[in-house]
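*Asks:* no sequence for this one, just the structure:
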């Protein structure tokens, strides 16, 4: 299951990145990515759910990023970092299907693969702060 979700997160990140960078429809981008990589149906379904959740909640997600990374306006973040944060925050705060630690670890791994040299530390710091609030509010 974890392997399927990782594939889904990667595909969702790439589709959201393409949409963010070029204005292309993220669901069409996902279909292309899924066909190119022979993405399993379960991973494709989860990737669609993630993209849909991020799109529907983008304003709330971006407000959360701004609250926990006030020195970094959302529109000035790299598209990779911005969309990794959106995905992870969606999973942590809204979807609640993934344990907090797993969501943070997955986001950090995505940042190591797709981000810059500092992305993983930045992602970990922002999500760690959000995670502390989540833990304390339960």
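*Replies:* Sure thing, it's come through. Just so we're clear, the structure is a prediction, and the values are computed from it rather than from any experiment. Residues are numbered from 1 along each chain as shown.

*Asks:* For this protein, which segments count as helices?
*Replies:* Under the criterion DSSP state H, helices of the chain are mapped to 2-22, 26-37, 41-56, 58-68, 79-89, 100-114, 119-137.

*Asks:* residues of the last one that come out buried?
*Replies:* Buried positions in helix 119-137, judged by neighbour count with 16 or more other C-beta atoms under 10 Å: 119, 120, 122, 123, 124, 126, 127, 130, 131. Every C-beta, even on glycine, is put in place using the N, C-alpha and C of the backbone.

*Asks:* Can you redo the helices of the chain as JSON lines, where the extra columns are mean pLDDT?
*Replies:* Listed next are the helices of the chain as JSON lines, based on pLDDT from 0 to 100:
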{"stretch": "helix 2-22", "mean pLDDT": "93"}
{"stretch": "helix 26-37", "mean pLDDT": "95"}
{"stretch": "helix 41-56", "mean pLDDT": "96"}
{"stretch": "helix 58-68", "mean pLDDT": "96"}
{"stretch": "helix 79-89", "mean pLDDT": "97"}
{"stretch": "helix 100-114", "mean pLDDT": "95"}
{"stretch": "helix 119-137", "mean pLDDT": "83"}
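
*Asks:* what's near enough to touch the spatially most central residue of the chain?
*Replies:* Taking C-alpha atoms, centre = their mean, the centroid of the chain lies closest to residue 87, which sits 2.1 Å from it. Residues in contact with residue 87 (C-beta atoms under 8 Å, 6 or more residues apart in numbering) are 9, 12, 13, 16, 50, 54, 107, 110.
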